[in-house]
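Participant: Predicted model and sequence below, questions to follow.
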Amino acid sequence: MEDLTVETLIAVSEEIFGRLTFWLLVLLALAITGLFLWTLWRDGGVSSRRFLLAQLWFPPGAIAMVGFMLWMTSSRLTDIGGPIDWIALLGLGIWGGVGAVMWAYALGGLARRRPPA
């Protein structure tokens, strides 16, 4: 592997997760992002109270993402070696936490009652 390309990353991810699981995860991420952006557009901006409450989901989302990665790769935290492993683990945790915050914010926006017209 001389070059790191998008195609290479997709192939490696499909190998780790399985083709179906990988593409379902991609669709889930796109759905969460779309729902989050739609909620922002519908509300005309960020609701600070809802965003603050959604941030409580960051730690569980980060833990869930790291746990999912460890489960899918049949690894343990003791298998982590050098600094790049820790950086990758940190990146996955941040990614999972941000996804959980977006999901919680969007669900909070959907659950909000609209005032009668």
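Facilitator: Cool, got the structure. Numbering: from 1, shown residues only.

Participant: which residues of this structure fall in helices?
Facilitator: 6-17, 19-43, 48-54, 58-72, 83-111 (DSSP state H).

Participant: Report the contact partners of G108.
Facilitator: R50, L53, A54 (C-beta atoms under 8 Å, 6 or more residues apart in numbering). (Each C-beta comes from the backbone N, C-alpha and C, glycine too.)

Participant: export the residues you listed to TSV and tack on pLDDT, distance to W103 and neighbour count?
Facilitator: Converted to TSV, these look like this (pLDDT from 0 to 100; distance: C-beta to C-beta, whole Å; neighbours: other C-beta atoms under 10 Å):
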residue	pLDDT	distance to W103	neighbour count
R50	91	12	19
L53	93	13	14
A54	94	8	22
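
Participant: Now flag whichever of these is closest to E2.
Facilitator: E2 has its nearest neighbour among the contacts of G108 in A54, at 41.8 Å by C-beta to C-beta.
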